Every structure is written in structure tokens, then in C-alpha cells.
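Chemist: Sharing a model that was predicted from the sequence below.
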2 protein chains.
Amino acid sequence: MTGKQFTSVWLREPRKATSPGRSREEIVSAAMELLDAEGLDGLSMRKLGAKLVAGATSLYWYVANKDELLELVYDEVWGGMTVPDPEIVGWRDAAAAFAHNMRASLLRHSWATSLVGRTPALGPNALAAGDLMRRAFRLAGFEGLEIDYANATLTAYVFGMVIPEVAWNTAMVEGEIDEDGVRQAVAHAVRDYPDLIAGVCEAQEVTTRLAREMSFDFGLHSVLDGLEARLVT
Amino acid sequence: MTGKQFTSVWLREPRKATSPGRSREEIVSAAMELLDAEGLDGLSMRKLGAKLVAGATSLYWYVANKDELLELVYDEVWGGMTVPDPEIVGWRDAAAAFAHNMRASLLRHSWATSLVGRTPALGPNALAAGDLMRRAFRLAGFEGLEIDYANATLTAYVFGMVIPEVAWNTAMVEGEIDEDGVRQAVAHAVRDYPDLIAGVCEAQEVTTRLAREMSFDFGLHSVLDGLEARLVT
DNA sequence: ACCTGAACACCGTTCAAGT
DNA sequence: ACCTGAACACCGTTCAAGT
């Protein structure tokens, strides 16, 4: 009858914050440091325990399991995505700023992109951001379910763009890989597709930070234009 | 000087296909079965070996490591994304059909969404799809880098939408979870955000297949409209 | 050329036991 | 209330050895 429950840290009351011993905040911020330094694979309960000068299994007192720990750190990433008040700057500027902040925050904590489809985003920071964006789209003139559709469209775009961007970044960093070698190899793989070859060559400068921002902005303006088009109909 | 190389199955010549013993195709399709049945966590080299009535480590003769095996199965998923010829149906219909096919293929092999930012898509099927989409956007009137920008925008949207959709699906399936319970729990988590509550309530029917397709189409039309707007400028 | 088993260096998590 | 170590059931991968 009653199968496994859907669980999330955010759906349980946190343990009473008592003074002695370690705290949940301490654990979360140590986990963040480990993640930023070594990536998702670099975080293990054993390593995190060692970093906190504690037995590896002590952490289970503060956190039900590793997945819930990841929920906690994930929400910290959402905390880095500030959204300007749409009532002040207007919905479109608010949405654009939100998109840029999402991207920046994900680039800062690149391990987070691996959590997108895996960790429920029900923490306070994620909810606050979602709430603000809903207000922005309501202000724009969307109603009912379309508010959520518009919001989903924008965040889908950002995640979909940043996930591959981060993948490329980390593939390059992990061992100071020589980018030209990669491009040559890719060009070779692509040799049967004349149209793609042109793309690879033109993409020479695409690896620079500025060019990637241009690409991001191109799509962002498209998405916002497309959403705006929904309003006049 | 020369750091770790960027490696991919597709950048090496495959081992000569000799008759005796197992074949790479056999391994890949067994891996697909395991993945479809048990998800990404269900695939281990040991289990896969057992399924093929072989020692767990025999597979390393055919495949360098697990990551390369994942590259191979990932490209099979791309093979499920057929694109109609844009010269026949027009760029916009081709793009829309591609988006729907991508979504369908990812829903069919839900484990694939976890590979999006992790496994390079350089296989023949991925390249063929990319090539066709480039032709569609060129036909639409895009030039130079903008062809790639437009393509990136569309695929980003699809991935960004489908990844959370799959996450929701698997969260529900894993243990026949009662959806109403989840919604109640989420509504409770969201209690401080009056605007979000409205969204959760309206989203009652969002869990149905049809409603999700509506949501997908809403965003898809927005993205295509937005791209089209780039052309008239 | 192909396959094997043992071994290494890891995992997340449980649980009885300590203070 | 908090922390520990031992133990369990797994991983991916290497490598010498077999046929």
C-alpha cells in the first residue's frame, strides 16, 4: 500500500540546534569547500569527516544521508542567485538578471550542474527565487498556469545552456588539456559532416569567455522575445 | 607539458571486429537493457558481465572503461531522435519535430538525462542530428556563428525541460509513491510563499502527461518565435 | 586473441558500543 | 546527546596468469 516515501531535508523539521558538537552549517560549508575544490566526485562522507576532524560516520547524526547533504549544499547555490525586484526594474530586466545570476552561480559551483535533475530544489533559497520569478512573470501579464510555463521555459534555457558549458570547462581543466588538440580531434571526428566542420572552425573563438556570453545572450534574448510574443496574442 | 589527454571512444579507431568472442554491439545493447530496466545506478561492470555470462573484467577488452561504455550507449539514445528533412518540411517544423523527438527519446531512456553534462556527444548519431539541425537553421536564414547559437538555444531548452521532467518521473516511480502526499508535503514547504502556493494548486493536473506536453509546447513555441524574431532584425 | 580471478583502493550506510 | 570503529555490501580498475 504505502510505498517508499518521497523524502527531502526540507520536508522535515531540522534537529534542534544545540550548542555543543558540530553544527549543520559547519558541515554544509565544509562540504561546499570540498565540492568547489574537488568537484562532485571529491565529496565523500569519509573525506568530509576527515576534514572536520571527526569520524566519518559522525555526520549521520546531523544529516540523514549523503543525498540530503547534497540538498543542503544545492540550496546554497540557489542562494547565490539574487533577483532584482521586478516591480522596480520591470519583468524583462528582472528575468534577464536572474538568468545571468543563475549562470554565474552555476559557473562558480560547477558541481551543481550535476545535481539539477537529481536533487529536489525545495530549499528556502530556491523557493525565494521561484517566488520572485513568479511575481515577475505575473507582472509581465501572464496568468494562471502560464506563469509557471514561462518560468519553466526560462530556467530550462539557462540550465540547458550552462550544463554543457560547465562540462566543457571541467573537461579542459582536469589535467590542463591543450585545447587545440581537442579541436583537432573533434574536427577529425566530424570529418564526414562538411556543414559541421564549418561550425567547428568558426567556433575557434567560442572558447573565450566573451564569446560564450554572446552565445548565452543571443539565446536569452530569443527566449524573452518569444515569451513576450505570447503576451500580445 | 602534455597533461592528461581529452579522450573519447569516438576519437579512437575501434578494435578490429573479429568473429569469435563477444562483440561491442552485444555489450552495448546489454548495457542499454540494464539501464532501461534499472537506471544509471543499476549499471555496473560486474552486473553487466554477469548478464553476458562473462567475467566482470572481460568487458575491458572491448571498452577502455565505464565512461567510454556510457559514450556508446548515449549515442544510441541520439539515434532515437529522427529529424525530418528541413528542405521538405521547412525549418520551423523540422526544429519542432526534432525537439519532440529529443524529448521522446530521453523519456524512453530516462537515465540518459544524467549523461547530458557528463558524456561528450561525439558519436555518429549525435553528429548526424547536429548536422541536420545546422542545415535547418541555415535554411531559416541564420549565418555563421548564429547557426550554432540558434541550435544551442533549442537544444538547451529541450534538455532543460526534460531533465526535471525525468527527475519527477523517476522520483514518483521509485517505490510507487503517492503523488498527493508529495503535493501536500510540497505545499507545506512552500507555505511562506503565497504566490507559490497558487502555483502548486494550479499544478494539480500538471502531473498528467497531456499537461506536461502543453507546458513543453508553450516553451517550444516561445523559443521558436524568439529565434524567428532574430531573423527579421 | 580473448578471458579469468585475485587484489587494490575506494564507496555509503548500519549498528552496537562507548562517553 | 553526541561520537566511534568495525562491518557489510557494494564499486571501477589493474594485472599477472591462463588458454
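Modeler: Looks like it came in fine.

Chemist: So what's the residue count around residue A:160?
Modeler: Residues lying near residue A:160 (other Cβ atoms under 10 Å in any protein chain shown) number 26. Yep, even glycine has a C-beta here, placed from its N, CA and C like the rest.

Chemist: Over to residue A:65?
Modeler: 12.

Chemist: What does the pLDDT read for it?
Modeler: Looking at residue A:65, its pLDDT stands at 97.

Chemist: And it, how close does it get to DNA strand D?
Modeler: From residue A:65 across to DNA strand D, the span is 13 Å (Cβ to the nearest atom of the strand, to the nearest Å).

Chemist: cool, and residue A:192?
Modeler: 29 Å.

Chemist: measure the residue lying closest to that residue once chain neighbours are set aside to DNA strand C for me?
Modeler: Closest residue to residue A:192 apart from its sequence neighbours, by Cβ to Cβ, 6 or more residues apart in numbering or on different chains: residue B:127 at 7.7 Å. Separation of residue B:127 from DNA strand C (Cβ to the nearest atom of the strand) stands at 27 Å.

Chemist: surely residue B:127 meets residue A:191?
Modeler: No: contact criterion Cβ atoms under 8 Å: residue B:127 and residue A:191 do not qualify, at 9.9 Å.

Chemist: out of those two, which sits in the busier spot?
Modeler: residue B:127 (21 against 11).

Chemist: Check which helix or strand the more buried one maps to.
Modeler: Using DSSP states H and E, residue B:127 sits in helix B:124-140.

Chemist: Give me the contact list for that helix.
Modeler: For helix B:124-140, contacts defined as Cβ atoms under 8 Å, 6 or more residues apart in numbering or on different chains pick out A:189-190, A:192-193, A:195-196, A:199, B:10, B:74-76, B:78-79, B:81, B:83, B:85-87, B:90-92, B:94-95, B:98, B:146-148, B:150-151, B:154-155, B:227-228, B:231.

Chemist: just stretch A:160-177 next, same as before
Modeler: Contacts for stretch A:160-177 (Cβ under 8 Å, 6+ apart): A:39, A:102-103, A:106-107, A:110, A:113, A:116, A:179, A:182, A:207, A:212, A:215-216, A:219, B:3-6, B:116-118, B:120, B:152-153, B:155-161, B:163.

Chemist: List the buried residues of it.
Modeler: A:160-172, A:177 (16 or more other Cβ atoms under 10 Å in any protein chain shown).

Chemist: Distance to residue A:45 added to those residues, as CSV?
Modeler: Listed next are these as CSV, based on distance: Cβ to Cβ, whole Å:
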residue, distance to residue A:45
A:160, 31
A:161, 32
A:162, 28
A:163, 26
A:164, 30
A:165, 29
A:166, 24
A:167, 26
A:168, 30
A:169, 27
A:170, 23
A:171, 27
A:172, 29
A:177, 30
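
Chemist: Quick check: next helix or strand after the worst-scoring helix or strand of chain A on mean pLDDT?
Modeler: Among the helices and strands of chain A, helix A:194-202 carries the lowest confidence by mean pLDDT, DSSP states H and E, at a mean of 71. Next helix or strand after helix A:194-202 toward the C-terminus (DSSP H and E): helix A:209-232.

Chemist: Give me the buried stretch members for that following helix, please.
Modeler: A:212, A:215-216, A:218-230.

Chemist: what's next to that helix, contact-wise?
Modeler: A:92, A:95-96, A:99, A:103, A:140-142, A:146, A:150, A:153-154, A:157, A:161, A:165, A:205-206, B:145-146, B:148-150, B:152-153, B:156-157, B:218, B:221-227, B:229-230.

Chemist: so residue A:31 touches residue A:73, yeah?
Modeler: Yes: counting by Cβ under 8 Å, residue A:31 does reach residue A:73; the two are 5.3 Å apart.
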